[in-house]
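**Q** Quick one: sequence and predicted model below, then my questions.
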Amino acid sequence: MIQFEKFILSNGLRVIVHQDLSTPMAVVNLMYDVGARDEDPERTGFAHLFEHLMFGGSVNIPSYDEPLQMAGGENNAYTTNDLTNYYIQLPADNLETAFWLESDRMLSLAFSKKSLDVQRKVVCEEFKEHYLTKPYGDVWHKMRELAYTTHPYRWMTIGKELSHIENAALTDVEHFFFKHYRPVNAVLVVAGNVTVEKVKTLAEKWFGDIPSGEKYRRNLPQEPEQTAARKQVIQSNVPLDAFYKCWHMAGRLDRRYYIADLLGDILSGGGSSRLYQSLVKEKKLFSSIECFHFGSTDAGLMAIEGKLVKGVQIDEAEKAVEAELDKMKNELVSASELQKVKNKTESMIAFEDMSVMSRANSLAYYELLGDASWMNFELEKYASVSAEDILQECRNIFRETNSNTIHYLSNN
Amino acid sequence: MPDRKQAPVIVDAVDFDLRLKHAEKIVLNNGVEVYAVNAGAEEVISLEWVFYAGNWFEEKNLVAATSNFLLRNGTRQKTAFQLNEHFEYYGAYLNRACYNETATVTLHCLNKHIQELLPVVRELITDSVMPQEELDTYRQNMKQRLKVNLKKSDFVASRLIDAYVYGEDHPYGKYTRLDDFDLLNREELMSFYKQYYQQGKFVMFVAGRLPSGWQEMLNRYFGDLPNTAVAMNPMSMQPVAEKKSRVINDAEGVQGSIRMARPFFNRHHPDFVKAMVLNTLFGGFFGSRLMSNIREDKGYTYGIHSFLQNHIHDSAWVISTEAGKDVCEATIEEVNKEMKILREDLVDEEELLLVRNYMMGSILGDLDGPFQIIARWKNIVLNNLTDQYFYDSIHTIKTISAEELRALAQKYLQPESFYELVVV
């Protein structure tokens, strides 16, 4: 059980306090309810570019990093398709420095031209480093465009194309900031060696006078149900043929999400998992194969990704994958196989919860989803999944008409 | 209304009295040393078996790494599948890794399952058989993985720079070619396994909420293994003659992987800890000179870092970044400029205090939790140091002067002593 207390400031900022006196550190985690899915299709990559700009100085403080480092702190941030998260770890004695810094950049950024010019370039280099220079680096761009016709999960957080980032203007930045980075759209978690009283005082002092802002009402175009299989073949200068297939699955708040999570673990994720044992070890069709899902808040994708053994025909490999999926659709998994993936989940949660940072992050995420206390019921939800659930959900997900396939073929 | 222009008062991290939590040391019946940190709130533990079985000891490329990998792929009693299933059923993570001097087996699990898992870890150490079929599959899949990696400029650059600094025959400098996989044979692997695992020498590191009676438990399963001393022969470095290289790996690449490196000493050298402070200032954290200039001012790269390699015998001081293809030369020029500034100008007190506070805060944060504490101890033990090294480091961070840092830069941060490589 993760204990916490929650209160809401008059401007709507939700504050969660999680005390852990075994550490000398404090964690301040500020999560904003905005991700790449909230972007204009003509200005993609913006939420992420924006995350970079958050370090370019705020209205009263020219440098964000320096004072934090001076206080012995470290910080970082990440953007997903669903949200943007900023986190700081620092000696608990210097907690107020984190409040000072985070509240000032929520109050207003400096909107410096120089910062925008530099960070545009930095993000373009990040784009190249992660997506352009790596073999198969563009495959998830292509897969999202194939699998989503309508929902903004169609693009990656880095953006659809470099030009969207290159063309970002300062007015876009300001508009985005005042729409999304407001107290009413954020969750603040303070964890570690802290007291509720102290956090209340500091939150009131530093965040209390920031104008509430308008609650962002998300109204995204929903993805219609897929009715026919989609396929794409890519010929490229890669060393091996690779197989990618994705199916639509339920969103984060649906009970079926937990079923999908476990069935993914049955198929892949360990040396005794089905796809690995059958297709890598026994049939020797793939040199590696994984099954995973995107962990999206809205309805997401379940994916199978594998590199083929040289000389194996991709249609043969795909058939073998389908044969494994057919087994899942037609035979109940055994009690011990189901127990295995439940045990794995239990252990994974226990290891994640070791770090204060990770606990703070989870609390913020569940609060954004609806209620921080849901964090404590995750294990129960996994425990309630039965072998019949797995079978039904496999039939539901792994339908050919629900599938998107990419054959990424080597042309050498 | 708070005064937002005014930073809150801080406690300088440099004034913290940092202590490294003591690790209990026990010795098993066979002389195996076990270091333990019994702490933490979650019911989890980690155990690590560190064998002197790294690539330092192999006579042929890949023998150490492959025998380490195949430890989990079959014993006299169980197939690879059964072994994996056993660990995975209990939600445990059984990993192995091969380094230069050492090779490890690690187990992470919920402490309630430990009794079920230790006997099987023992089996890996005493009864692995490395089946031919497992070797063949491994060989084929690793060759394929290498082919993919060889397309990546960062992978190629990191291999080459080590080969330049240490020489291709040195354990720190050698790298794998596709042919090396073909030359592997099962008999050599088994013989390596026998000498360095079955009969070999190992040390253990355990941490987390240790179950009561853990000492007896470890003695029962691991206290009768041979634990024979192994000889570590010295290896000489044979660096290449040419300091500057430009390599085209992919003519259509849009970025260059830049690596600059110079040989450096190990942790026993009196300049090592001081160099850690200078390195932090130079390129060791987000606020470093290299990051501020080359990322935050010029926007040439997503990130640039410098670091001292964590090797036991020798080390190297490395600068590493991926930069736009057309700004690679400009990036190197800026790196050299930053070295020059460090050689010529004294760092001002405020920036130095920032580096001290950052380093102290980062150590404080890093000592959070039993797994992090045991990792510190492992570094101390495997490098033949004592916890005095920890306290000396803290002392150096707190007291090193601007003059000492400049003198150090004059001694080591000379562009002509660096190997310089760009791979596109």
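**A** Alright, I've got the coordinates.

**Q** what's the closest non-adjacent residue to residue 328?
**A** Just going to use chain A. Once flanking residues are discounted, A:Met328 sits nearest to A:Cys394: 4.2 Å by CB to CB, 6 or more residues apart in numbering or on different chains. (Each C-beta comes from the backbone N, C-alpha and C, glycine too.)

**Q** Sorry, I should have been clearer: chain B.
**A** With CB to CB, 6+ apart, the residue lying closest to B:Cys328 is B:Gly256, at 3.9 Å.

**Q** Please compute how far the host helix or strand of the one you found lies from its chain's middle.
**A** Using DSSP states H and E, B:Gly256 falls within strand B:255-264. Relative to its chain's centre, strand B:255-264 lies at 17 Å (CA atoms, centre = their mean, to the nearest Å).

**Q** same check, this time on stretch B:263-274
**A** Distance of stretch B:263-274 from the chain centroid (CA atoms, centre = their mean) equals 16 Å.

**Q** buried set for that stretch?
**A** For stretch B:263-274, the neighbour count (16 or more other CB atoms under 10 Å in any protein chain shown) marks B:263-267, B:272-274 as buried.

**Q** can you check stretch A:400-412 too?
**A** Residues of stretch A:400-412 classed as buried by neighbour count (16+ other CB under 10 Å): A:402-410.

**Q** Likewise for stretch B:68-85?
**A** Neighbour-count burial for stretch B:68-85, counted by 16+ other CB under 10 Å, picks out B:68-75, B:78, B:80-81, B:83-85.

**Q** Output the residues you listed in TSV; the columns should cover pLDDT, distance to chain A and secondary structure.
**A** Below are those laid out as TSV (pLDDT from 0 to 100; distance: CB to the nearest CB, whole Å; DSSP: H, G, I helix; E, B strand; the rest coil):
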residue	pLDDT	distance to chain A	secondary structure
B:Asn68	98	15	helix
B:Phe69	97	12	helix
B:Leu70	98	12	helix
B:Leu71	97	12	coil
B:Arg72	96	7	coil
B:Asn73	97	9	coil
B:Gly74	97	11	strand
B:Thr75	98	14	strand
B:Lys78	97	11	coil
B:Ala80	97	7	helix
B:Phe81	97	6	helix
B:Leu83	97	8	helix
B:Asn84	97	3	helix
B:Glu85	96	4	helix
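
**Q** of these, closest to B:Val381?
**A** Using CB to CB, B:Asn68 is the member of the buried residues of stretch B:68-85 that lies nearest B:Val381, at 19.8 Å.

**Q** residues contacting the closest one?
**A** B:53, B:96-98, B:103-104 (CB atoms under 8 Å, 6 or more residues apart in numbering or on different chains).

**Q** And these, which of them are buried?
**A** B:53, B:96, B:98, B:103-104.

**Q** if you look at these, which of them are in strands?
**A** In strands, judged by DSSP state E, the following of the buried ones among the contacts of B:Asn68 are found: B:96, B:98, B:103-104.

**Q** picking that back up, go through the buried residues of stretch A:400-412 and say which is closest to chain B.
**A** Of all these, A:Ser410 has the smallest distance to chain B: 9.7 Å, by CB to the nearest CB.
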